[in-house]
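**Q** One predicted model, sequence on top.
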Amino acid sequence: MDVRGGVRTGGRGTVTLWRPVGPAELSLLRASGWRAWPPRLPDQPIFYPVLNEAYAVKIARDWNVPASGAGFVTRFELDAGFARRYPVRQAGGRSILELWVPAEELEEFNAHLAGPIRVVREFHPGYVGLAIQVMEAAAGRRPPDEVTAMLAVASAATWIGLDRALRSPEVEYGESAAMAKVGLVEDERLSRLVAACSPDGRRRQSAVADPVMRADEVLLPALVLRTADWVPQVREPARRSLAVALQSAGAAALSAAAGAAVAIASWERGGPALEAVAGALRAAPDEVLASVRGHRDAGVRRLAYRSWLASGRTRYEEVLRAALGERDVVCQMQCAEWLVSDALRHRRADVLEKLLSRGSARSGVEALTALVELGRPEAGVAHLADRSAMMRATAQWAARRAGRVPAAIYRDALASERAPGRVRALVAGLGECGTRQDADVLLPFLEDASPRVRAEAVRAVRRLGGPSAPIVGMLADPAPVVVRAVKRALRGEPDAVPASRLWDLLAADSPPHVRLGAYEQLRGMDTWTRVQVDLHLLAARDAELGGRARTDLIEWSRRGAATAYRMPSEETALRLGQLIDMAETVLGAEQAGRLRWLLGIG
């Protein structure tokens, strides 16, 4: 991405903008088909979308919700060339940026929108508050269009919360409910919704069989919820109505139904709704299914991908593009597994090679395994130096199937390779499949210029059973990543480093990561060294490690002390007592007294 004139632009020639809105503006957006921003009011000379989602979320949550009962964050794309004409204004901190568009230019602004305006976040003060708004709109006391717009973009969690709230005492017996019961209902759609969520089973039964429920796409999530109703006389007609409603549902309605079905799939009676929605997705037109695959909820996208791949209407190019570009790993793997299965069936090695060379590590493993099945194990040799451990393991297996010795390939490559990233992978690979003798081959890499290569060499040498002496000296390495690797390598060997050396490294003039490594090695040596180092740091009022030491000491006194079957020697107890005296102001009198009692000190 690049930045021109303060506006961040993307490779598609558009800029992504956000705008927080309340229910009234949301209703006008819905009336436009989500294609245009409504005209500004006379006292609103400026239209100001914002340049980051976090700022939009803050306004929607902290301003729109108190002011109008709900807040929503919208996202839209604008032609980047057109966006450059407007100045970017800083409304507060450095990230609080707005695009200022004069109200009289809003029509032209709308003409340069690229695609629909999408609602990406919603905020409500509570589901009871939303339920009261629904009741008031059903009774004609609130504009129904505003409530309908909120329901049209509601998430599955909101629908579930609303369903329960409409049966809560404060809603069921409130003033709005009373008005609805005496015949003042003005909106048929919302009155059906209130009935469908009623605590009265007969009202719910009547509502789910009503043609309004079957024909109204906004109410489709409520119908999905009723298919899992606890009363058979409600859920069975609801399932029949859902089957009818799904036949004509558009992309937005199917997305909403899918969200609700995925949310209740784990419920005792939630399975049939998921099966019905999955069937509808498989039968949906390609453009509708493509739209649902782009849903913001990962669960909905996964259901859409499963349905798409099972529909029999997929093409290699589309599935490969999804396997390489889909942001959700589960969807990626669904596509990769479909490609591998189909490629094996049709012996399409070219598809597998593309997936292997351009896909994720997990999909690459699947592709390479399939290539071996097709008699192409030599493909694994090129991936022996992959950054992923599971990819390297699969490549090593494939190389062996091709009659090659992976360890020999790693040794030869290390003799000439200089690129740090590749050297690191080669070191890791040799550590995974080499022998004890290969530890000597890796020892020079403990002194490599790259910290990550040194860290990988530490792991590899220890994995092959190499000597610990060269690694012990690296506890003072200038790179934190190396010291962390050394700590893990020496875990379980408390005596590998002399205590005197560790106390030297703990000195205040050592780098923070070196001091932390020395502290963790000392506390792992034995019980009384652990207590001593904690008390030492507290007595010294250590700013870096004092907090850790205090937490660890309290934890030991509560749990670890019970397993200290031997008391400290007289000399050690005396030294610990002196440290407790010095640290008492930090520990507090009660904790200091408890420690003295645990240590048998007077």
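**A** Arrived safely. Numbering: from 1, shown residues only.

**Q** Helix or strand: which one has the closest residue to Arg293 other than its chain neighbours?
**A** Take Arg293 and drop its neighbours on the chain: the residue closest to it by C-beta to C-beta, 6 or more residues apart in numbering is Ala304, 4.4 Å away. C-beta here means a position set from N, CA and C on the backbone, and glycine is covered the same way. For Ala304, the host element (DSSP states H and E) is helix 298-310.

**Q** hang on, Arg75 is in a strand, isn't it?
**A** Yes. Counting by DSSP: H, G, I helix; E, B strand; the rest coil, Arg75 is part of a strand.

**Q** what pLDDT does it get?
**A** pLDDT for Arg75: 96.

**Q** Based on its surroundings, how many neighbours for it?
**A** By the criterion of other C-beta atoms under 10 Å, Arg75 has 17 neighbours.

**Q** Same question for Leu442.
**A** Neighbourhood size, Leu442 [other C-beta under 10 Å]: 25.

**Q** any idea of the pLDDT on it?
**A** Taking Leu442 on its own, its pLDDT is 96.

**Q** Please apply the same query to Met1.
**A** Looking at Met1, its pLDDT stands at 31.

**Q** What helix or strand is the residue nearest to Arg575 when sequence neighbours are not counted located in?
**A** In space, not counting the residues next to it along the chain, Arg575 is nearest to Gln532; the distance is 6.9 Å by C-beta to C-beta, 6+ apart. Using DSSP H and E, Gln532 sits in helix 527-539.

**Q** what helices or strands is that helix leaning on?
**A** Here helix 527-539 touches helix 512-523, helix 546-558, helix 570-587, going by 3 or more C-beta pairs under 8 Å, 6 or more residues apart in numbering; DSSP states H and E.

**Q** Now do it against helix 546-558, angle only.
**A** Interaxial angle of helix 527-539 relative to helix 546-558 (axes from the mean of the first three to the mean of the last three C-alpha atoms, to 10 degrees): 140 degrees.

**Q** picking up where we left off before, output the helices and strands packed on helix 527-539 in TSV, with distance to Gly325 appended to each entry.
**A** Below are those laid out as TSV (distance: least, C-beta to C-beta, whole Å):
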stretch	distance to Gly325
helix 512-523	38
helix 546-558	43
helix 570-587	54
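
**Q** among these, which is nearest Tyr127?
**A** Nearest to Tyr127 among the helices and strands packed on helix 527-539 is helix 546-558; the distance by C-beta to C-beta comes to 39.0 Å.

**Q** Starting from Ser360, give me the distance back to the residue nearest to Arg293.
**A** 20 Å (C-beta to C-beta, to the nearest Å).

**Q** for Ala278, same thing?
**A** Per C-beta to C-beta, Ala278 is found 25 Å from Ser360.

**Q** Strands of the protein, start to end?
**A** For the chain, the strands defined by DSSP state E cover 2-4, 7-9, 14-21, 46-47, 71-79, 88-90, 97-99, 101-102, 118-123.

**Q** ok, and for the last one, which residues are buried?
**A** Residues of strand 118-123 classed as buried: 119, 121-122 (neighbour count, 16 or more other C-beta atoms under 10 Å).

**Q** what's near enough to touch Ala207?
**A** Applying C-beta atoms under 8 Å, 6 or more residues apart in numbering to Ala207 gives the contacts 192-193, 195-196, 198, 213, 226.

**Q** most surrounded residue in the residues you listed?
**A** In terms of neighbours by other C-beta under 10 Å, the contacts of Ala207 top out with Leu193 at 30 neighbours.

**Q** That residue and Ser557, how far apart?
**A** On the measure of C-beta to C-beta, Leu193 and Ser557 end up 58 Å apart.

**Q** wait, what's in contact with Val50?
**A** By C-beta under 8 Å, 6+ apart, the residues touching Val50 are 17-20, 56, 59, 96-99.

**Q** One more pass at 10 Å, please.
**A** 17-20, 56-59, 73, 91, 95-99 (C-beta atoms under 10 Å, 6 or more residues apart in numbering).

**Q** I'd assumed Val300 was in contact with Ala278.
**A** No. Assessed by C-beta atoms under 10 Å, Ala278 is found out of contact with Val300, at 11.2 Å.

**Q** so what sits against both of the two?
**A** Shared contacts of Ala278 and Val300, defined by C-beta under 10 Å, 6+ apart, are found at 258, 261-262.

**Q** what comes up buried for stretch 530-545?
**A** Neighbour counts over stretch 530-545 (16+ other C-beta under 10 Å) mark 530-540, 542, 545 as buried.

**Q** got these as CSV, with pLDDT and distance to Leu29 columns?
**A** Listed next are those as CSV, based on pLDDT from 0 to 100; distance: C-beta to C-beta, whole Å:
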residue, pLDDT, distance to Leu29
Arg530, 94, 62
Val531, 95, 64
Gln532, 95, 66
Val533, 96, 62
Asp534, 95, 60
Leu535, 95, 64
His536, 95, 64
Leu537, 95, 59
Leu538, 95, 59
Ala539, 94, 64
Ala540, 93, 62
Asp542, 93, 57
Leu545, 95, 55
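
**Q** From Gly359, how far out is the residue lying closest to Asp386 once chain neighbours are set aside?
**A** Spatial nearest neighbour of Asp386, excluding adjacent residues (C-beta to C-beta, 6+ apart): Arg392 at 5.2 Å. As for Arg392, its distance to Gly359 is 16 Å (criterion: C-beta to C-beta).

**Q** repeat for Met333
**A** For Met333, the distance to Gly359 - C-beta to C-beta - is 10 Å.

**Q** Between the two, which has more neighbouring residues?
**A** Taking Met333 and Gly359 together and counting by other C-beta under 10 Å, Gly359 has the greater number of neighbours (23 against 19).

**Q** wait, doesn't that one sit right on Glu337?
**A** No. The criterion here is C-beta under 10 Å, and Gly359 misses it with Glu337 at 11.5 Å.

**Q** Touching both of those two, which residues are there?
**A** Residues touching both Gly359 and Glu337 (C-beta under 10 Å, 6+ apart): 323, 366.

**Q** Save the shared contacts of Ala278 and Val300 as TSV, and put in distance to Tyr86 too.
**A** Shown next, in TSV, are these (distance: C-beta to C-beta, whole Å):
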residue	distance to Tyr86
Ala258	37
Ala261	42
Val262	40
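
**Q** nearest to Val292, of those?
**A** Ranked by distance to Val292 (C-beta to C-beta), the shared contacts of Ala278 and Val300 are led by Ala258 at 6.3 Å.

**Q** How about the contacts made by the closest one?
**A** 156, 220-221, 224, 249, 273-274, 277-278, 280-281, 292, 295, 297, 299-304, 307 are the contacts of Ala258 under C-beta under 10 Å, 6+ apart.

**Q** Please apply the same query to Arg515.
**A** Taking C-beta under 10 Å, 6+ apart as the definition, contacts of Arg515 comprise 483, 505-509, 537, 542, 544-545.

**Q** Least confident of those residues?
**A** Ala508 (87).

**Q** Verify the stated contact: it with Gly546.
**A** No. Counting by C-beta under 10 Å, Ala508 does not reach Gly546; the two are 11.7 Å apart.

**Q** Contacts only, for Thr314.
**A** 286, 289, 308, 322, 335, 338-339, 342.

**Q** Distance of it relative to Arg302?
**A** Look at Thr314 and Arg302: by C-beta to C-beta, they are 16 Å apart.

**Q** before we move on, what about Val365?
**A** Distance, Val365 to Arg302, by C-beta to C-beta: 20 Å.

**Q** Between those two, which is the more surrounded one?
**A** For the pair Val365 and Arg302, the greater number of neighbours falls to Val365 (22 against 19), based on other C-beta under 10 Å.

**Q** I appreciate the help and will end here.
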